[in-house]
Structure formats: C-alpha cells, structure tokens
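below are the sequence and a predicted model for it; my questions follow.
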There are 2 protein chains.
Amino acid sequence: MADGKKKVEAITSMEEDFAQWYTDVVLKADLTGYTSVKGFMVLKPAGFAIWENIRNELDKRFKATGVQNVYLPCMIPESLLDMEKDHVEGFAPEVAWVTKGGLSDLPEKMCVRPTSETLFCDFYKRDIESYRDLPKVYNQWCSVVRWEKETRPFLRTREFLWQEGHTAHATAEDAEKRTKQMLNVYADFMEDFLAIPVIKGQKTEKEKFAGAVATYTVESLMHDGKALQAGTSHNFGDGFAKAFGVQFTDKNNKLQYVHQTSWGVTTRLIGALIMVHGDDNGLKLPPRVAPTQVTIIPIQQKKDGVLDKANELCDRLVNAGLRARLDDSDKSPGFKFAECEMRGVPARVEIGPRDIENNQCVVVRRDTGEKVQVNLDELEDYMTKLMDEIQTNMFETAKALRDKQTHTATTWDEFKDIAANKPGFIKAMWCGDRACEEEIKAETSCSTRCMPFEQEELACTCVHCGKPAKKMVYFGKAY
Amino acid sequence: MADGKKKVEAITSMEEDFAQWYTDVVLKADLTGYTSVKGFMVLKPAGFAIWENIRNELDKRFKATGVQNVYLPCMIPESLLDMEKDHVEGFAPEVAWVTKGGLSDLPEKMCVRPTSETLFCDFYKRDIESYRDLPKVYNQWCSVVRWEKETRPFLRTREFLWQEGHTAHATAEDAEKRTKQMLNVYADFMEDFLAIPVIKGQKTEKEKFAGAVATYTVESLMHDGKALQAGTSHNFGDGFAKAFGVQFTDKNNKLQYVHQTSWGVTTRLIGALIMVHGDDNGLKLPPRVAPTQVTIIPIQQKKDGVLDKANELCDRLVNAGLRARLDDSDKSPGFKFAECEMRGVPARVEIGPRDIENNQCVVVRRDTGEKVQVNLDELEDYMTKLMDEIQTNMFETAKALRDKQTHTATTWDEFKDIAANKPGFIKAMWCGDRACEEEIKAETSCSTRCMPFEQEELACTCVHCGKPAKKMVYFGKAY
C-alpha cells in the first residue's frame, strides 16, 4: 500500500489548514483544474459528472412542478441592464463587457449575462398578453460570468454553471407561493439527494437580492463551521414588471403588471458537497449523487479467473441498477484503494483468489471505513441496501455535526465569545434594524444568514442593542 | 373549425415563398422568438424541448462510445486564439471581444468562444503526460458566439447551442478511427431519430474546417432542394498539438505529439427537422424526437364524462411510455386540431360523447392526415405501433424526396441546366482541382457538399474542365 499511502499523504489535513485541504481535494479528486483564462476553471469529467447528476435530478423535480426549460441570449445590451435601478447597481460593477463584434466596435456595449432577470423581462414583455398566458414558469441551465477579484474553485469563479428559474404570475399570492415552493424543492433536494442538512429562511433587507422584495435562502454549514448559501429564491413583486412594462389583460379586460420570481443554484453545490462530507482521505460522495457508486478492485488480478469474476460482479451490480465500475488498470490495489477514497466513491468491492474460493468478497464503506465480508450470492441485495444506509448515515452525520456547531447566544458577551472561539452558526434574537446588523458584522465578522421559518423565542431583546427583538436569526461567517 | 382554419391560413405556403414559410413555422409553432439582442434568439419551451431530446439521445450514444463530458471556459484570451495560424484566420473576423471586466479594461482582450479547439489544447497540454493518459475523449454541451451579419432562426444566429467533442490520441490511426466513428454516430442518429436521410462524405480542401487535415460531413437536403450540412467531424492530425506543444511520453519513454479530432452538431438540426419534414400546415416532428407524441383532444368537453375519459386515455398512453398530453383548454376543437398540426405533434386522439358510447376514438396521423377509428381497448398497442410506423414513413418519404431531387450530370451543359432548373443535389465527377471547384461555384452557385464515401464512377472526366476525374462529388446550393 506504499504508493497508495503516498497519494493520501499528499493532502493537507483538514485540522491543519482547511482552505488548503479543500484545494487539495478539488485537484486530487480530479474535479477541476486551472486554465490559461484567469479566474476561470475547467470542470473535468469527475466534476462535471457530479453536476450532471445534480442537474438531472433537479430538472426532474422542477418539471414535476410544471417548470419548462428555455434558453435566452448570453449577452445583455447596457440599456437593458440599466432598466431596473437596484439591479443594475448590484451587478454593473462585476460584469464583463463585450465592446467589439467581428472587426467593428459595437454601437452599444453588451455584458455577458451575470444573471438574466432583465432578459426574461424583455422576453415576457413580448410573450405575455392575457391572463391566459400566465403563469410562465421557465428555467434555463447555462453559465454566467461575474468579474470576481478573488476566486476559489466552485465557490467563487468568474464563470460558473447554474440554473436560473424565472416566473411570471397574475397575482402577488401566486408569486409568493412559487417563491416558497421552489425553496422547498431546493431544501428537499439538498437533504434527500446531497445529504446536506439546510436551514430554510428569509434574508434580511441588507442581504436580499438586488431588486427583490423578499429573498428566501437555504443555508448550510461546512465542516469548518463556516456557512454557505446553497440556494436562493426571490420574490420580485411587480418591481421589474413596472420597470420593463410587463403587463397583461386580466379577466375584466384591465391591464395589470405581472408578479415575478427567480431562483437558482450553482456549481457551488459541489463545493458544499466537498466541505460538508469530505475528510482527510479526500472526497466523500453520498450514493445518490455519486457518478460511481461502487468500484470493484481485483486483488492479484493476473491470477486465473480473478478479472473474469470481477467483471461478472461489476455487470451484476450494473444490472441491479447501481453505478458500478471495474478498476482493472495496472496500478496496485493499494493505489486503487486510495484513489477510490480520494474520489469519494461510496463503497468498494475487493475480490481476490481466496475470496472467490470462499464465494465471498470484501466490501469497504467510504463513510465509516467499515470492512465486511459479503457472500457473493447476496451481493446485489447487500450493495443496494448499503447505498441507502450510507446515504442516511451521511445525512445524519452531517446533521449531528451541524447541530453540534449551532450555538445559542442570549447576551452580547456570549455572542462575541462564540464568534471568537466556536466555529458554526449562532442563533440569536435581533431587533430588525439594519444599522445594528452592520455593527454585529463589523465587530464579529458574523453576517445574518437568515431569519429561519422555524422561529424560536430565545429572549425578548436584541442580542446586540437590547431593543425589543423582532426575529430569531442565524448568524455566521460565510463563504 | 373556422378559427382553426384561420390559424393555418396565416402561414405562407411552401411553394409560394419557402423562406417566408420557414419563418412562419418557426414563429407560429412557438419554437423561438426575437429578442432585444440583435441577431440572438430565444429558444422557447417547444423549441428547447426538441433540443433537449436531441441532446439526451446523442449524449447517450456518445457515452456508449466512451465519451466523457466536461466544461471549459466561455472565453479565450487573444494570445491563445492566435496560436494556430489557419484557425485564427478562420475565426478571428467573426468573434465578439470582451475588453472590460468590472470597472477596468482587461490587460488582454478575450473573445467569447466561437469554438473551443484552442481551449482544449491548453487543457490537454496540462492534463496529458503519458500514453496512460490517452485517449482523451471529451465533449461539452454549451453555446458559442459568432458575429454573423445576416441571421436566420436556427440556421445562422450570433449565438447557438451545440456540442463540441474534442479528443486526443496516441496515434494518427486512432484519431482517424475516432473521426469516422463520430461521423457514423451522427449519421445513425439523424436517420434513426430525426428521420433525416444523410450523405456521408469528406469535404474538399476548400470546404474543410480551419486547421483540420480532413473534415467529414453528413449532408442533408431540405424540401426546397437546398443542401444543409447537418454535422461535421474533423481530424486535426498533430497540427494543433505542434502549435500548442501537446505532448506525451510513449511506452519507450519518447516524447510524441498527440493526434486530435473534434466534431459537433448544433441547434441548426432543428432547422433541418423543419425544412425536411414540414408542410403547409406547419411543423411535422418524427415521433422519436417529438416532445409531445400524442395530443388528446376532447370533443364537447363540457358534456358529462368526456373530460374524465380524455384524462383516462392520456394517463393510459403515458403509462404505456408515450409522451401524451391532454388539451383541455377552452379553445375550440378546430383550433386545437390546427395548433396540434402547426406544432408538429405526430398524432392526435379525438374523443367525444358518441365515441365513448361506441368505446372508440378517432386517431389522426400528422404525417399522412389519415383518420382511423380505434377501439379503446386497443389504444395503447395501436398508438405504440403507430409511432414506429410514422417514424419509418417519415424517413422513407424524406428519402424518396431526397432521391428524386438528386440528379446526375455527366456533361457541363447538363450540369448548368440542372443547376438552373432543378433544385437538389447534383452528382458529378471532379478533377480534384480547387480552381475548377471555384469556377463551378462562380458559374452555378453550386458548391461541393462532399466527396461521398460511397463513390460511383459516372464518367472518366471532370464534369467542368474535362481533365481526368478523381472523385464523384455531391454539389448543391447550401444553407
């Protein structure tokens, strides 16, 4: 196992330097790579396959709620971006501008889309006439560009992949309902499929999206106790509709403005998967999202019958509906074990001459490291059940850690102490005042993550200013 | 059926003005729409759903040959684009340039990718070290931008969706094999799935891709007799590898250059579907690619039991694996019939009170217009078989028309006469000389479409110059 060991030792440990551990995992699990285009990354096969699974599963869940996919232009003329005041202020400083097309200067510069609210408004304005045309529940899967100064793989890059849903409704109630519905789709998906526990709540005025009336969010906690916003859903009311003139004729033949929403998740979910589940041996993928769920590793594979048996087991698992792969490369078993762990494959099956004699194999779980001998006759059943078991265990483990790293503060001294010494969420009461929120951040680096839907009354007064409390809030240091 | 008629009458007839007919279908079948971004289109739900079906099916076929998906940056720094001489000459005049990021001018301008050969070379240079790393058989689904002056929906737009496969191999033979393999994947897909008959062949030196050693193509013929290049596959030899320094250590520990290929198809396939199969009632989709295969239209839907029965039939067809949809909107049946035809749904099922009494329904085929009464007990079986029948019939019909519009010329007078009077392909012998090819185009507007793999010896001499013939060529006027 010498070479395998070496490969593992090349990773920095989490405890020692979490940021370096993260970068090591991202690169050594072969998820992504740097390019000659500064601030842009490559999604390699192992990384893109995770995104494909996320996309396919979410897309299915979207469509079950009536979402239809579309594709809008990748560029926005400056005059279109300028139409909604808050929105342009939020995005104009961080876009990439196209100023030449072919050999000529453009009459008007265009930005590569950082998000597509303005394009959807332009589209809906042409496409919506009557109440019969509503609701429009559209989504697109695409890439967006934001000119970030500091970048980190998956978490903050100048280009990233995402989906952006944009809907238009006849009433404020319908828009609010859709905003919350999509937040629930995200939350269920993240917990069921990614095994990432999330807190659902509303962003404060300060933290909400540029141009939104209300922003809802699902917040997750990374292994190092930092918070990560995993997805957001925005209710725009009729603000964009008024700015762009998106109107429809209602049943009484009166012109009304539509009410709009938007909601999105990005490839940063891959960063969340790494930082919620990973360990010092590398990536650890929940079975449902793992591109490879089981790797079969032959032992003494040159011996007669070993490769044949390994192939047979792999075929059997594939036929049972598992994403199984045989590693018959000429690397040593020890190297293969380590590589399999590094890449986060939920389980491996070891099969050698002695195992074959005994009609058994060795199954090793990635989540617990547990090794079990399994009778070959029962392999499909065993592995199928094991996948569910690992999925559940990974969620429970992540939830237990999240809960352990969720602290409650009722006094300002307590808050400061936790912020300085205990990584994680801090639950505390807040007066609802933006200035107070900003002071808390300035003093502790903790921002408001959300006002959770599940409120608790921890105290009657704001943890910072002592005025009457309006909301319980999750605070945290964020990615 | 008055309102239905009106909707149909709003389309220009094919005979009268093919170009206007095409635009009418594209817009009235609700596939795409114009935007405020000049030269860019929206893919609406009906259009995008066709692309999704194309993507999912092709992606499955790619993966069956070992292709892995990746995602590379959407921008190319000028210095990277400049590295391969023929390539930059081919693309630089038609790219969009990003010159500002955020509030500052970029130190080096970048183009929005028009194609990604240069990015893949940059990537492979970092990622390939030894013969063990080969082959790399990667693909990405993305959008590209080319600054076209004149645009037409699906056929030529400033942005379009496509896939681009890029591979790297240890030997010239492996690269050539992969180039041809992917061309065959395209040809089979187009014939089986899109019901579009294609000619497989090689492009001449004049028509090949900028930077390629050889370009293979699948050529199709539209209803108006114009040719459309439906997909291409390029063998680059080691030209790009030498320009970018993409090398590997072979088994004898010697440095070698890789051999590369690329291959792609685009949303222009949707244009081909329209122009190969459509008619004066609108779009006509082959069942395999049709987002909706069957629409159930209730007659007198307010009468007791009609909507229930229509719903039941729809559920039964969905359970039988068909993409069925119920149209229970408050439009008239006549309008629904016309809309269904316009949108190209392969078959509709009409069900009214009298049908229910007789335990039957009326099935109307989109391809032939044929109406049949079908016993409700046999509906699933009947419709499932009908889908295959329509698929086959549409391919045979398209092939018969293509063959009818394929002419043979053995003398120059004959060639000129066909070019002037008979739309379609012209098969003729050619000397292989580029100047001769250019003269033919100048005199007749017919370009070489391809040198088909299936050669015939129509004559011994070139149809134009009379010198000894080297190849039989398909000529045609092209989109």
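Everything's here; your move.

list the beta-bridge partners for A:Thr461.
Listed by DSSP bridges, the beta-bridge partners for A:Thr461 are A:Pro468.

check contacts around it.
The contact partners of A:Thr461, by C-beta atoms under 8 Å, 6 or more residues apart in numbering or on different chains, come to A:Met429, A:Cys431, A:Lys467, A:Pro468, A:Ala469. Just so you know, the C-beta spots here come from the backbone N, C-alpha and C atoms, and that holds for glycine as well.

next one: A:Asn393
A:Asp367, A:Thr368.

give me the phi and psi for it.
Backbone geometry at A:Asn393, expressed as degrees, to the nearest 10, gives phi -60, psi -40.

what of the one 10 residues further on?
Geometry field for A:Asp403 lists phi and psi as phi -60, psi -40, criterion degrees, to the nearest 10.

likewise for A:Met83?
The phi and psi torsions at A:Met83 (degrees, to the nearest 10) take the values phi -70, psi -30.

excluding chain neighbours, what is closest to it?
With C-beta to C-beta, 6 or more residues apart in numbering or on different chains as the criterion, A:Met83 has its nearest non-adjacent residue at 5.1 Å, and that residue is A:Ala243.

and the one you found, that's in a helix?
Yes: A:Ala243 sits within a helix when classified using DSSP: H, G, I helix; E, B strand; the rest coil.

just confirm it contacts A:Asp82, I think it does.
No: in this structure, A:Ala243 is not within contact of A:Asp82 by C-beta atoms under 8 Å, at 9.7 Å.

the two - which one has more neighbours?
Shown here are A:Ala243 and A:Asp82; by other C-beta atoms under 10 Å in any protein chain shown, A:Ala243 has more neighbours (21 against 14).

residue contacts, the more buried one?
Applying C-beta under 8 Å, 6+ apart to A:Ala243 gives the contacts A:Met83, A:Glu84, A:Lys85, A:Cys121.

quick one, strands of the stretch 51-200 of chain A?
In the stretch 51-200 of chain A, the strands defined using DSSP state E, counting those that start in this stretch lie at A:68-69, A:75-77, A:96-101, A:104-112, A:136-145, A:159-169, A:199-202.

just name the most buried of those strands.
strand A:75-77 (a mean of 25; mean count of other C-beta atoms under 10 Å in any protein chain shown).

does it reach chain B?
Yes: judged by C-beta under 8 Å from any C-beta of the partner chain, strand A:75-77 comes into contact with chain B through A:Met75, A:Ile76, A:Pro77.

list just the nearest of these to B:Met190.
Distances from B:Met190 to the residues of strand A:75-77 next to chain B, taken as C-beta to C-beta, are shortest for A:Met75 (30.6 Å).

right, and that closest one touches A:Arg113 too?
Yes: between A:Met75 and A:Arg113 there is a contact under C-beta under 8 Å: 6.6 Å.

tally up the residues packed near A:Gly66, please.
Using other C-beta under 10 Å, the number of residues around A:Gly66 comes to 11.

nearest spatial neighbour of it, chain-adjacent residues omitted?
Of all residues not flanking A:Gly66 in the chain, A:Val137 sits nearest, at 5.3 Å (C-beta to C-beta, 6+ apart).

in the sheet, who's paired with the one you found?
Residues in a beta bridge with A:Val137, per DSSP bridges, are A:Thr167.

list the contacts for it?
Neighbouring residues of A:Val137 by C-beta under 8 Å, 6+ apart: A:Thr65, A:Gly66, A:Val67, A:Gln68, A:Gly165, A:Thr167, A:Arg178.

circling back to that earlier point, let me have the strands of the stretch 51-200 of chain A in a markdown table, adding mean pLDDT as columns.
Listed next are the strands of the stretch 51-200 of chain A as a markdown table, based on pLDDT from 0 to 100:
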| stretch | mean pLDDT |
| --- | --- |
| strand A:68-69 | 98 |
| strand A:75-77 | 97 |
| strand A:96-101 | 96 |
| strand A:104-112 | 96 |
| strand A:136-145 | 98 |
| strand A:159-169 | 98 |
| strand A:199-202 | 98 |
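
which stretch among those strands comes nearest B:Ile351?
Proximity to B:Ile351 (C-beta to C-beta) singles out strand A:68-69 among the strands of the stretch 51-200 of chain A, at 25.8 Å.

ok, now how distant is A:Val463 from chain B?
Distance of A:Val463 to chain B, given as C-beta to the nearest C-beta, to the nearest Å: 36 Å.

let me fix that, I meant to ask about A:Pro93.
Counting by C-beta to the nearest C-beta, the gap from A:Pro93 to chain B is 6 Å.

how many neighbours does that residue have?
Residues lying near A:Pro93 (other C-beta under 10 Å) number 11.

can you verify A:Ala310 is assigned to a helix?
Yes: assessed by three-state DSSP, A:Ala310 belongs to a helix.
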